[in-house]
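>>> Okay, predicted coordinates and the sequence, questions at the end:
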Amino acid sequence: MSEEKNDIYFYQGKNNKVNYDYQLSDILVEIETFLCKNIEKTENLCFLIGSGCSSIAIPLMGKTFDNIKNSIRLIYDEDVLGDFKDSKDLEKYLNWLNKAIDFFNNQENNKYRSVREFTQKQLIQSIDIDYSNEKALKILELYKKFYNIIFRIRNKSKNPINIFTTNYDLFNEKALENLKINYCNGFNGFIERVFEPSIFKQRIVDEENRYKEKWNPLKRYVRLYKIHGSIDWIEKDNKIQQVQEYSGKENILIYPTQAKHFETQYSPYSELFREMSIKLQSSNTTLIIMGYGFGDDHINNLIAQSLINEDFNLIILSSLEEERARVFFNKYNDNMNIHFIGGKNEKGESLHYFNPFLSTLSGGVID
């Protein structure tokens, strides 16, 4: 048993299914077959895409938070960081600032408001990138390859793909539009695009054979749920709107919002989390997780609740060195419908990274 093959793991529940007597290439084929079978056969296919999939072009939230904390220490005093001095969770820190603003009055209130405004501004600047730069174009190609490969595997299915993402960036939208794949993101209208969650329940039909007795839905169709908001969403005139270009002046909607009880009671997040819950509880569902660090307890709870369903299948692409992913897996690995895949491929690349994941799906060759 080589040390190289020891690096790879493929758990179903507590059982590591890897046979280390096999060649590494054979183990990868087994993982590829498992992934492709689930992608092809599952009636309700869902993906949860986290910031790791965009990390070459956009810094991970922990890195951004480290930079923000360094600036806060220089501009303000360290007390405004509370218990987050060593934390990597920027979104929870913003939520904590919201609560501090509600609690304090007068001068202290103004100080925390200033810190929140500074923190949000720095976060938005880290996301508001030039999509024509070299790093962004490289990531965009990966997103395009992802959709091409998934639809190639699912070429016989007429069911839409559900993409849930915590990312604020526009890589999913740009990839889908580049590939001319129809998608719904919860917004309706053309000149003024307004959030209307009922649009998720609509489907586009293929009119090519319009004289048939039965109309067929488009095969290549994506429902995109940006459950933490987006760089191009704003709140204006008491409506949630999608704008063509963020100007830096509008009230941009990124999670957590400035509203008091943002977690599940504030639009659009309440509707998006409700849609996620409904989709994960649907029959014959597979959820594939990649690039997600398990930092959102609300999302984690929705996933955990779905594990009680026998026809729900959870596939986590991550590393056992990722503490929060490991904790989640260890907490629920009594369930045989939870799978955890990670380790290294022949090139020494981490299997759960975006590009190696796509290579695994396509047998090592990406078109």
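That came through fine.
>>> In this structure residue 319 contacts residue 353, no?
No: applying CB atoms under 8 Å as the test, residue 319 and residue 353 come out as separate, 9.5 Å apart. C-beta here means a position set from N, CA and C on the backbone, and glycine is covered the same way.
>>> Name the residue in these two with the higher neighbour count.
The residue with more neighbours, out of residue 319 and residue 353, is residue 353; 20 against 17, by other CB atoms under 10 Å.
>>> Next, the contact list for the residue nearest to that one when sequence neighbours are not counted, please.
Counting by CB to CB, 6 or more residues apart in numbering, residue 52 is the residue found nearest to residue 353 once chain neighbours are left out, at 7.4 Å. Counting by CB atoms under 8 Å, 6 or more residues apart in numbering, residue 52 touches 60, 290-293, 352-354.
>>> By neighbours, which of those residues wins?
In terms of neighbours by other CB under 10 Å, the contacts of residue 52 top out with residue 292 at 27 neighbours.
>>> Which strand or helix spans it?
If you go by DSSP states H and E, residue 292 is not part of any helix or strand.
>>> does it really touch residue 49, like I thought?
Yes: counting by CB under 8 Å, residue 292 touches residue 49, with 7.1 Å between them.
>>> any residues in contact with both of these two?
Here residue 292 and residue 49 have residue 166 as joint contacts, going by CB under 8 Å, 6+ apart.
>>> what about the stretch 151-300 of the chain, any weak spots by pLDDT?
203-218, 245-250, 256-265 (pLDDT under 70).
>>> hmm, 90 instead?
155-158, 188-220, 232-270, 295-297 (pLDDT under 90).
>>> what are the ranges of the strands in it?
Counting by DSSP state E, counting those that start in this stretch, the stretch 151-300 of the chain has strands at residues 161-165, 182-184, 187-188, 193-195, 205-206, 216-217, 221-226, 229-236, 239-242, 252-254, 285-290.
>>> export the ones you listed to JSON lines and tack on distance to residue 76?
Shown next, in JSON lines, are the strands of the stretch 151-300 of the chain (distance: least, CB to CB, whole Å):
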{"stretch": "strand 161-165", "distance to residue 76": "32"}
{"stretch": "strand 182-184", "distance to residue 76": "42"}
{"stretch": "strand 187-188", "distance to residue 76": "37"}
{"stretch": "strand 193-195", "distance to residue 76": "34"}
{"stretch": "strand 205-206", "distance to residue 76": "56"}
{"stretch": "strand 216-217", "distance to residue 76": "54"}
{"stretch": "strand 221-226", "distance to residue 76": "31"}
{"stretch": "strand 229-236", "distance to residue 76": "26"}
{"stretch": "strand 239-242", "distance to residue 76": "31"}
{"stretch": "strand 252-254", "distance to residue 76": "21"}
{"stretch": "strand 285-290", "distance to residue 76": "36"}
